[in-house]
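Undergrad: Fold the following, please.
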Amino acid sequence: MRAAWRSSLHLLLILAVGLVVILGPGMWVRRVLERHHRPADRYAFTGSHIARRLLDAHGLEHVTVEVTEKGDHYDPESRAVRLLPANAEGRSLTAITVAAHEVGHALQHDDAYAPLMLRTSMVTWLAPLERVGMVMMVLGPVVVALTRIPHAGLISILGGLLVMGGSTAVHLVTLPTELDASFGKALPMLFRNDLVLPEDRPAARKILLAAALTYVAASLMALLNVARWWAVLRR
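TA: Got it, this is the predicted structure:
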């Protein structure tokens, strides 16, 4: 009994640590970004204004600044910096710092920054593979039911790897791109142009780190989904 109890305790500890490692980064990112959205009127200009100003200063007048509901991002195909309403229209420290981070991606694109180019290529050629994976995941159980061949379930397994593994790989490859956008591009622009108050500089660094780690948190969640899916298949 004591051995079984210890084994269960160890398993619970492992699960607890795993949840902290996987969910912790995402929770920290959200906390940092939300915290520095206050006060909402700390700066004179909105995130959209800062993005436009920085883009024009670097000769990127052709890159548009748009409002989106799909998360802050830079779209290399449309050449557009897209910001959530709170960041596009807000005048908080988070708003202007996140805007600068996304402009950083536009600068990377203009410089043909290798990691960004790799990520863009991966997204392009992984998209059809993920669609094939979805079909395989749907067809796998049907093939098993019709043929009664247990190994036919491998179709679903391979499909799941294509769908979830592909997105996880993209998220992980994105990390150097995000770090450079934050600390190689956005941070110098904000500090060099005195766009951030001196007392806000430490907080701005935290926000830029949070912006860079957004994809790390997403990749860890993707890995958790893979683990859940694998556990279901093994039952």
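
Undergrad: Which residues are in contact with the closest residue to Val170 other than its chain neighbours?
TA: Once flanking residues are discounted, Val170 sits nearest to Met122: 5.3 Å by C-beta to C-beta, 6 or more residues apart in numbering. C-betas here are computed from N, CA, C, even on glycine. Counting by C-beta atoms under 8 Å, 6 or more residues apart in numbering, Met122 touches Ala169, Val170, Val173.

Undergrad: And Gly47, by the same measure?
TA: Leu83, Asn87, Ala88, Glu89, Gly90, Arg91, Ala95, Ile96, Val98, Ala99.

Undergrad: And Met189, by the same measure?
TA: Contacts of Met189 (C-beta under 8 Å, 6+ apart): Leu54, Ala100, Val103, Gly104, Leu195.

Undergrad: if I look at it, how far off is Arg53?
TA: 10 Å (C-beta to C-beta, to the nearest Å).

Undergrad: Stretch 173-185: which residues count as buried?
TA: Within stretch 173-185, the residues that count as buried by 16 or more other C-beta atoms under 10 Å are Val173, Thr174, Leu175, Pro176, Thr177, Glu178, Leu179, Asp180, Ala181, Ser182, Phe183, Lys185.

Undergrad: packing partners for the helix or strand harbouring Asn87?
TA: Assessed by DSSP states H and E, Asn87 sits inside helix 85-88. Helix 85-88 makes packing contacts with helix 47-57, strand 64-67, helix 93-110 when contacts are defined by 3 or more C-beta pairs under 8 Å, 6 or more residues apart in numbering; DSSP states H and E.

Undergrad: Would you format the ones you listed as TSV with mean pLDDT and distance to Met117 included?
TA: Shown next, in TSV, are the helices and strands packed on helix 85-88 (pLDDT from 0 to 100; distance: least, C-beta to C-beta, whole Å):
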stretch	mean pLDDT	distance to Met117
helix 47-57	97	20
strand 64-67	98	21
helix 93-110	97	8
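
Undergrad: Need the winner for burial among the ones you listed.
TA: Mean neighbour count (mean count of other C-beta atoms under 10 Å) peaks for helix 93-110 among the helices and strands packed on helix 85-88, with a mean of 26.

Undergrad: and of the buried residues of stretch 173-185, the nearest to Tyr74?
TA: Among the buried residues of stretch 173-185, Ala181 lies closest to Tyr74 (C-beta to C-beta), at 8.3 Å.

Undergrad: That concludes my questions; thank you for your assistance.
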